[in-house]
Each structure stands twice: as structure tokens, then as C-alpha cells.
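Q: Mind folding the following:
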Amino acid sequence: MKPLVVAVLFTALLQPAAFRVRREALQLPDGTTLLYGRAVPGDYDPKHPRPLVLALHPGGTKTPSIGAQYMQSVFLPGLRDLHPIMVAPDCPTRDWSDPIAEKAVMNLMENMVSEFSIDRHRILVVGFSLGGRGTWFMESHHTDLFTAAIVMAGATDEPLERLATIPTYIIHSRDDQVVPFGQAEQRAAALERLGRPVKFEGLEGLGHFDMSGYLPALMRAGAWVADRWKR
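A: All right, here's what the predicted structure looks like:
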């Protein structure tokens, strides 16, 4: 798969300067190391718990700190209005649903919750493409942790009855040439009929690798999630 194209100028203009962004490494119980990016609002105060966002990067050529790269270029600009603490790991395997990757991500989330003052009622998972599939997996397997999800250009094989038991915003382009639009639209409609807290946004004119084109929709998704958290 070719790398996703990100509009550098556009995302640079959206960079949230008030966040302290770092690239970190977490030593896991099995002795391996998980690379991840971390962003903390400049005005973070432990007395006031913050939302926590887990951002799952797409597939393609994997380079060290790829999670941090997509966090800075797409996920953080798109969700900056939530004023969250955000964490973006590098997938240690080929898929976020792999047991090794799942365990690593959960270790990272436990570490973040213990290190920072986190509002446990506001924990979001978001991802694009491979990360979108991973978002479906995480939200359906860890409903005790996540309280909202944003799926971008992501397919899933998870049973329908397991999906969107938490507020879930689905974004997909009709012109996606890699991950077909049809499943996303059909799954969203089926979940709505089940009464699940789901919202679907179909985009036009964006190919699968036009990730920067998803930014306005990601901002709308963030606002929708924030509204659900208030209820």
C-alpha cells in the first residue's frame, strides 16, 4: 500500500501550538519497547481531569514514530477542541487487533491513566484505514475503557451486535478505492435501526489516500463526541 498523502501546509496551519508534544518509548512487561507519541495541553492541571484520546495510525510503510507523525499532522489538529491528552502508539504488529498489539495498547492506556489525571467518562479511540479497523476492534472489545469512537475509512469483521454500544461517529468517502464505501454505509444504517448511538458522514471526492481531506469531518466528529459526553 502506498503511503497516505497528507497536505502538509494545511495541517501545519492547524497545529495546536498550546500542546506539548513528545515522542516516547514504553517498556512493556514482555521486555519489548512500544514507541508512541504523546500530546499534553499546555494548561494541563492534575486538579482538572482531561479527556484521553487513543489515535491509531493507518497502514502503509512503517517508520519509527509513525504514530506520532500522524498524531501531529491529522489527529491532534482534528480533535484539538476537545483539549485532550492524546497518545498515538506505533502498531507493533501488522494489525491493531493482533493480541500482541492489543496487549501493548492496553498497557499504554493503563500507563497514561496512572500518570495523568484522566476523566474516565471521556476516553476516545480514533483511527484511519488500518487504524479505523483497529478502532472498531478496540471499541467492541474494550467497552469498559472507551466511551466514544471515531472510525475513518475503516472496515470491520466484528459482529454487528458488538458494534457501537458507545457513541460512534463513522466517516467514509464514496470514492475510497481501497476500503469500499458500501460496508460503512450499510453497517451505520443497521446500527441506527438497532438504536445504537451512531452517526454516519459520507464524504465525496476523496480517495483513500487523501487523509487530509478528512480533517473537517474529524472536527465535526469531535464536536459530536463532546456533545454526547455532556449528556
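Q: which residues of the protein fall in strands?
A: 19-27, 33-41, 50-56, 85-89, 118-128, 148-152, 168-173, 198-203 (DSSP state E).
Q: Just put those strands in TSV and tack on distance to residue 182, mean pLDDT and mean neighbour count.
A: No exception for glycine: its C-beta is placed from N, CA and C like everyone else's. Output for the strands of the chain, formatted as TSV (distance: least, C-beta to C-beta, whole Å; pLDDT from 0 to 100; neighbours: other C-beta atoms under 10 Å):
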stretch	distance to residue 182	mean pLDDT	mean neighbour count
strand 19-27	37	95	15
strand 33-41	33	97	20
strand 50-56	23	98	26
strand 85-89	29	98	27
strand 118-128	18	98	22
strand 148-152	15	98	30
strand 168-173	9	98	26
strand 198-203	11	98	18
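Q: how about these, which one is nearest residue 135?
A: Closest to residue 135 of the strands of the chain, according to C-beta to C-beta: strand 118-128, at 4.0 Å.
Q: now the angle from that closest one to strand 148-152?
A: 10 degrees (axes from the mean of the first three to the mean of the last three C-alpha atoms, to 10 degrees).
Q: circling back: so can I have JSON lines of the strands of the chain showing distance to residue 96?
A: Compiled in JSON lines, these are given as follows (distance: least, C-beta to C-beta, whole Å):
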{"stretch": "strand 19-27", "distance to residue 96": "16"}
{"stretch": "strand 33-41", "distance to residue 96": "13"}
{"stretch": "strand 50-56", "distance to residue 96": "6"}
{"stretch": "strand 85-89", "distance to residue 96": "9"}
{"stretch": "strand 118-128", "distance to residue 96": "7"}
{"stretch": "strand 148-152", "distance to residue 96": "12"}
{"stretch": "strand 168-173", "distance to residue 96": "16"}
{"stretch": "strand 198-203", "distance to residue 96": "20"}
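Q: Of these, give the one that comes closest to residue 67.
A: Between the strands of the chain, strand 85-89 lies closest to residue 67; by C-beta to C-beta that is 3.7 Å.
Q: Measure how that closest one sits relative to strand 19-27, angle-wise.
A: Per the same axes, to 10 degrees, the angle that strand 85-89 makes with strand 19-27 is 40 degrees.
Q: in its sheet, what does strand 85-89 sit against?
A: The strands beside strand 85-89 in its sheet (DSSP bridges) come out as strand 33-41 (antiparallel), strand 50-56 (parallel).
Q: ranges for the helices of this structure?
A: Counting by DSSP state H, the chain has helices at residues 8-13, 66-70, 76-79, 99-115, 130-141, 181-193, 215-230.
Q: For residue 200, find the nearest of these.
A: helix 181-193 (3.6 Å).
Q: and the angle for that closest one with strand 148-152?
A: 160 degrees.
Q: Would you pull up how far helix 181-193 lies from the middle of the chain?
A: The chain centroid and the centroid of helix 181-193 are separated by 19 Å under C-alpha atoms, centre = their mean, to the nearest Å.
Q: Same check on stretch 217-230?
A: The chain centroid and the centroid of stretch 217-230 are separated by 13 Å under C-alpha atoms, centre = their mean.
Q: Of all the helices and strands in the chain, which has the lowest average confidence?
A: The element with the least model confidence among the helices and strands of the chain, by mean pLDDT, DSSP states H and E, is helix 8-13, at a mean of 38.
Q: Adding distance to residue 19, write the helices of the chain out as JSON lines.
A: As requested, those are exported to JSON lines (distance: least, C-beta to C-beta, whole Å):
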{"stretch": "helix 8-13", "distance to residue 19": "14"}
{"stretch": "helix 66-70", "distance to residue 19": "12"}
{"stretch": "helix 76-79", "distance to residue 19": "6"}
{"stretch": "helix 99-115", "distance to residue 19": "15"}
{"stretch": "helix 130-141", "distance to residue 19": "20"}
{"stretch": "helix 181-193", "distance to residue 19": "30"}
{"stretch": "helix 215-230", "distance to residue 19": "14"}
